[in-house]
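>>> Here's my sequence, what's the structure:
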Amino acid sequence: MDLASGEQRPLASPRTSASDGVLTDDWCFDAGSLDWGNQLLRRIEGARLVILDELGPLELTRGQGLLEGLKLLDRRECDMAVAVIRPKHLSLARTLWPEAAVIDVASETVSPETVLGELGDPHP
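The predicted structure is shown next:
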């Protein structure tokens with residue numbers, strides 16, 4: 001979803017035996033939507049907040065998917081970036097971005113207020 005315009009495109013559908021293209025064990029990704037998402041991410045400069053939900057096996061281990069999201073994080077040009085990473089990819093993400101804070105949102109003790117407090121103010 002492009003938060004600036006509100007435009008949405010379907011990113012993936014459940015994988016079936018007839019699925020073709022960019023595949024994971026469970027999902028078939030729409031190549032056109034991936035291209036669109038990468039175009040949006042490529043244009044981001046100096047944003048106050050970027051949310052990437054999620055960076056997964058396509059990006060982190062296969063060199064596919066929303067690769068412009070990885071590049072955006074690597075450039076460190078945003079005031080704040082939030083990337084959703086599944087636990088099984090967290091150790092790789094920590095090597096890519098060792099300075100990043102990790103917030104375990106799956107914990108039963110985490111509330112929205114806790115997450116916002118952990119994120120802090122990008123303009124102290």
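
>>> and the gap between the residue most central in space within the chain and residue 107?
In the chain, the C-alpha nearest the mean C-alpha coordinate belongs to residue 52, at 2.8 Å (CA atoms, centre = their mean). To residue 107, residue 52 is 21 Å away according to CB to CB, to the nearest Å. Glycine gets a C-beta too; all of them are placed from N, C-alpha and C.

>>> Excluding chain neighbours, give the residue nearest to residue 106 in space.
Closest residue in space to residue 106, ignoring its immediate chain neighbours: residue 87 at 7.7 Å, by CB to CB, 6 or more residues apart in numbering.

>>> Ramachandran angles for that neighbour?
Dihedral angles of residue 87 (phi, psi; degrees, to the nearest 10) stand at phi -50, psi -40.

>>> what does residue 100 give?
The phi/psi pair for residue 100 (degrees, to the nearest 10) is phi -70, psi 140.

>>> so what's it up against?
When contacts are counted by CB atoms under 8 Å, 6 or more residues apart in numbering, residue 100 touches 83, 93, 94.
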